[in-house]
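>>> would you be able to build a 3D model of this:
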Amino acid sequence: MAIAAGTAAALAAVAVPAAPASAGYDALPAFPGAEGFGYAATGGRGGEVYHVTSKELTGPGTFHDALTTAGDTPRTVVFEIAGDVEIPQIVVRDKHGITIAGQTAPGDGVTIKGNTVRFVDSSDVVIRNMRFRLGSGSTDDAMYLEDCQDVVIDHSSFSWAGDEVLSIKSKDYENPKSKNITVQWSIMSEGRLTHSMGGLVEMNTISMHHNLYAHNNDRNPKTKGVMDFVNNVVYNWGDFPYVAGGESGTKGYGNVVGNYFVAGVNSANPTAAVVRGNENYQVFLDDNRIDSDRDGVLNGKDTGSGMIEAARPAVRVPERFEYPPVHTQSPRRALGLTLDHAGASVVRDAVDERVVDSVREQSGAIIGDESDVGGYPELDEGTPAPDADRDGMADGWERARGLDPTDAEDRNGDDDGDRYTNLEEYLNELAAPGFPKGYPMTPVDWSGEAFEPPAPEAPEAAPAASLNGDAIRSAVVTDSSSNGAANAALWSIQQNLQVGDYVAGDRTTGSKAYRFTAVPDRLQGLEWVRSAVESRGATNDDLLSFYLPVDADVYVAHDTRISPRPAWLTDVYEPTGDTVTDDHGGEWDVFTAHLPAGSRVVTGANGGGTVLNYFVAVDPSAGDDEPVATAPADVRAEASEDSAIDVGWTGSDGATAYLVERASSSEPAMRVVASTADTTFRDADVEPGVPYRYRVTAVGPGGASAASDAASALVTSGSTTAPAPGDLDVTAQRSYSVDLGWSAVEGATAYGVYRAPADGGDLELLGHVADPGYTDDTAEPSTAYRYAVTTVSPGGESEPSADVSAATSGPLDPVVAPGQVRATDVTAAAFTLDWEPVDGAETYQVYRRDGGGAFAPVGTTTEPGFTDDTISASVASYDYAVAAVNELGESERSATVTVPLPVPAPPTDLRVGLQGATYTGLVWTAGGGATEYRVLRSAAGGEPEEVGVAKVHTTYDRGLEPGTAYTYRVVAVNAAGTSEPSAALDVTTPPASR
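This next block holds a predicted model:
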């Protein structure tokens, strides 16, 4: 091994002015031919050289040492060895300025095998002409990049991974740190079953062009964030080619331009190229081709929006996102160029040759093991070029260009003044044959401003109303994560904590239905807060808050895997030694604190972003103490001169504290906003022009009093009062309600709605609302009313508007429960129900439960029928009940109808993918509704035996005898049982090679 350290003088030799390469591309490209977001990665430019000379796992001269010992000085890694290089896991963390120059290896080049290479929090990385073929000894990614910036991967090959072939991610999607990355002219192929994934390539600014994805079941690639996907080839995806966001709520902005999608033997949906989209993923789709017929002739067509999966579409947009452009050809031309030049193509190995040929011939299949396709080919190890001064440049090359083969420092000179160092000139010349002849080596002229995704909307702080129980008052969930409002809506207060209860509000269906299997005696029967697992990603210190109306023991159950515990937990709560468990392996240690009535309980971030969220239970400890007997009296609220509201009341005997509740036009539900031991409260958190209402509850060790009467107040600013609405109208009149509408008034902060009997009397306030429109749901049937509306603004409340009249209809009868609920169409993917119409029903509410849990609403319909397409193949049956709804409310639920899950449809089109003397690869078409597939084999007239289980629609049967006939069938399995077998497939293994 030899290291030539870069000196300050050498670094200064390349510190030339940064003249723009072209408009928009204003930095020096990493090398001629570098394009896209990562084009300007500097790599090891101007730094030291490390020679890889050893095939040992670790130690001097090894590939492991080359990466892990890189320091502050940029480093270029060159190779004096070739062939297969086995490595341990290599984690390159917080490194900056590395070039891996695979083109310097002698002979047939280098293949890295046996373990993964992971770049984390690193920047300015250039990887060229390398092969990373993981192999069956590992279940990791072939290569993984996390939170890296300014990276270009060029002419490299990735395959045989047990997880993802190539993944590029940001750890925190709300603050993505992976930026300015390009993957070009590379091959991502043959991810191994059962996972078989091309890769996660997501979050954030990533360009992929002239790459080949081949023989990966899924994620070809899976994308989120900013993605420029141009002139790539995707061949023989299994279930999913280009995934547009998947089930994520993360925003995506993808250009999919000039690509060629070619279906193969494993392609389950050969007509869809852009799949698993959602409303959060926008895609610009233009000039792509898809070849769906698998006839061996590459003659794809541009089917436009037809290549977007219809069931889960992305949002197609009319204009291309402005990203750094790449040189773009027609799909047909790009297909040829990519097949000819992608991967480590200066010297292609037999693996890439075979994969590329399989695209041209529409042959080959997804693999289970590298041995299915011959394993690692033998590589010519060649002879390294002499390099006397160890500067990374061959002596003969230096002499031919007037450099000194004995002067290591001349590597960082720039003899021709083009801003590339002499070493880079040498590396670029070695790599140049990988590009097509005549391909432009300078970036596209570009004067654009790159598209910036809009800033995410601030998450809602809490649900519209707080949660209330007996011992838990005004619980508020403030989830700071990107899906915080949706997560918060899945929190709830539950009663009677028991074994068998659902653990989390977002894990109540299908295979994600988490239930408690052990609950300590001290927690059983308590009121508790069921949280959402996805709130584990929140980082705020007030994720959950609530008030206690009684002295209580508060328990927090916190995941055992999280270390260290968050300070909010350890500073207040003591361990009990108890543990809670669930049926998915989750375990929570239980902590407790005794707190007095009136306490505000605040719990913060979970402290573990990938494990289960905590939950909270409360045990009132009133003992012999009685609740406070009388409510506070004489509640009054007055606006002060300093724009606050002073609330006062007469105290209650036995009270140790008072809970002050507040509602307003913008937050109409009463919520506790303060706890105080006094009989006064100053509310400084108010806005001029917003009407507020207050009430007070007295609390003590034994519990709370009833709530007081309410008092109202309005803070004004002295500005002009906005006028009353001029177009008040009755928009609907029913038996028990009246709808009012009016236009918004400029400057309004709220509106007051008033009502009086039609035959006289004073207008009385019904309530204040923040927006135009109001439903009076306190109306009586067969009654006439007058209504008027005021405008509230910082200047005060206006006079009432002109009034309008309304008359309600006659009384209604309560609706009855629907009868004859039945399942009319049942498949393993969806259940359709219908029932007898109910007189007077306006809507119907459909409820569902599985496995003995509680009924939960699953849908609302105006028709006496409903289709549930959210069933899980892992649930053997569902119970349904239906309620009719009208103005008087919801009826009793119907009699329960149980709908058993049918067995799945049998697989069809059973066929051979790949075959060898001792194995057969099988592929079939799934009928839907299966959780797994079982492979049956018989030989020489024998009885069929189960020889394998698969989760996807392809698998391998190994350990066969050469030259032997076998018969295969496949059955699909779900919670209901097993399908009929597929049609038989007769195969004969080829004879053993001699």
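>>> residue 167 pairs with what?
Judged by DSSP bridges, the bridge partners of residue 167 are residue 144.
>>> which stretches of the chain form helices?
Using DSSP state H, the helices of the chain run over residues 8-12, 63-68, 331-341, 350-361, 395-400, 422-431, 484-488, 567-570.
>>> how about the third one: buried residues?
Buried residues in helix 331-341, counting neighbours by 16 or more other Cβ atoms under 10 Å, are found at 331, 334, 335, 336, 337, 338, 339, 341. Where C-beta positions appear, they are placed from N, C-alpha and C, glycine not excepted.
>>> and the last one, by the same measure?
Under the neighbour-count criterion of 16+ other Cβ under 10 Å, helix 567-570 has 568, 569 buried.
>>> that helix packs against which elements?
strand 600-603 (3 or more Cβ pairs under 8 Å, 6 or more residues apart in numbering; DSSP states H and E).
>>> for the strand it packs on, what is the average pLDDT?
For strand 600-603, mean pLDDT is 97.
>>> helices or strands up against that strand?
Using 3+ Cβ pairs under 8 Å, 6+ apart: strand 600-603 touches strand 544-547, helix 567-570.
>>> would you map the strands across the stretch 301-450 of the chain?
Shown for the stretch 301-450 of the chain, the strands assigned by DSSP state E, counting those that start in this stretch span residues 315-316.
>>> over to the stretch 651-800 of the chain?
Counting by DSSP E, counting those that start in this stretch, the strands of the stretch 651-800 of the chain are 657-664, 671-676, 680-683, 691-700, 703-707, 711-714, 729-733, 738-741, 750-757, 764-769, 774-776, 784-793, 796-797.
>>> and the contacts of the last one?
To tie it back to what came earlier, the one meant is strand 796-797. 691, 714, 716, 721, 752, 790, 791 (Cβ atoms under 8 Å, 6 or more residues apart in numbering).
>>> now the first one
Outside of strand 657-664, the residues that reach it under the criterion Cβ under 8 Å, 6+ apart are 473-474, 547, 549, 596-598, 632, 647, 649, 651, 669-679, 681, 683, 690-700, 704, 707, 750, 768.
>>> please pick the buried ones from those residues.
The buried subset of those (16+ other Cβ under 10 Å) comprises 473-474, 547, 549, 597-598, 632, 647, 649, 651, 670-675, 679, 681, 683, 690-700, 704, 707, 750, 768.
>>> so where's the chain shaky on pLDDT?
1-24, 456-465, 510-511, 851-852, 994 (pLDDT under 70).
>>> rewinding a little: Throw the helices of the chain into TSV and include distance to residue 447, thanks.
TSV is the format used below for the helices of the chain (distance: least, Cβ to Cβ, whole Å):
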stretch	distance to residue 447
helix 8-12	32
helix 63-68	38
helix 331-341	25
helix 350-361	36
helix 395-400	37
helix 422-431	26
helix 484-488	39
helix 567-570	51
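>>> which of those sits closest to residue 612?
In terms of Cβ to Cβ, the element of the helices of the chain nearest to residue 612 is helix 484-488, at 13.6 Å.
>>> contacting residues around residue 264?
Counting by Cβ under 8 Å, 6+ apart, residue 264 has contacts 215, 235, 236, 237, 294, 358, 362, 363, 364, 365.
>>> could these go into TSV alongside distance to residue 796 and neighbour count?
Shown next, in TSV, are these (distance: Cβ to Cβ, whole Å; neighbours: other Cβ atoms under 10 Å):
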residue	distance to residue 796	neighbour count
215	73	31
235	71	29
236	72	30
237	66	32
294	75	14
358	78	22
362	77	19
363	80	15
364	78	23
365	77	25
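>>> so which two of the residues you listed are the farthest from each other?
237 and 363 (15.2 Å).
>>> contact partners for the residue nearest to residue 855 when sequence neighbours are not counted?
Using Cβ to Cβ, 6 or more residues apart in numbering and skipping residues adjacent in sequence, the residue nearest residue 855 is residue 847, 4.1 Å away. Residue 847 makes contact with 855, 856, 857, 858, 880, 881, 882, 883, 893, according to Cβ under 8 Å, 6+ apart.
>>> kindly indicate which of those lies nearest residue 281.
Checking those one by one against residue 281 (Cβ to Cβ), the nearest turns out to be residue 858, at 25.9 Å.
>>> find the residue closest to the closest one in space, skipping its chain neighbours.
Nearest one to residue 858, counting by Cβ to Cβ, 6+ apart, is residue 848 at 4.2 Å.
>>> separation between the closest residue to residue 888 other than its chain neighbours and residue 728?
Closest residue in space to residue 888, ignoring its immediate chain neighbours: residue 814 at 5.0 Å, by Cβ to Cβ, 6+ apart. Taking Cβ to Cβ, to the nearest Å as the measure, residue 814 falls 32 Å from residue 728.
>>> more neighbours: those two, which one.
residue 728 (22 against 13; other Cβ atoms under 10 Å).
>>> I'd say that one and residue 786 touch.
No. At 10.7 Å, residue 728 does not count as touching residue 786 under the criterion of Cβ atoms under 8 Å.
>>> show me what contacts the residue nearest in space to the middle of the chain?
Geometric centre of the chain, nearest residue: residue 248, 3.4 Å, by Cα atoms, centre = their mean. Counting by Cβ under 8 Å, 6+ apart, residue 248 touches 173, 224, 278, 280.
>>> if I look at the residue nearest to the third one when sequence neighbours are not counted, how far off is residue 252?
Okay, so that is residue 278. Counting by Cβ to Cβ, 6+ apart, the nearest residue to residue 278 once its immediate chain neighbours are dropped is residue 245, at 5.3 Å. Distance from residue 245 to residue 252, counting by Cβ to Cβ: 5 Å.
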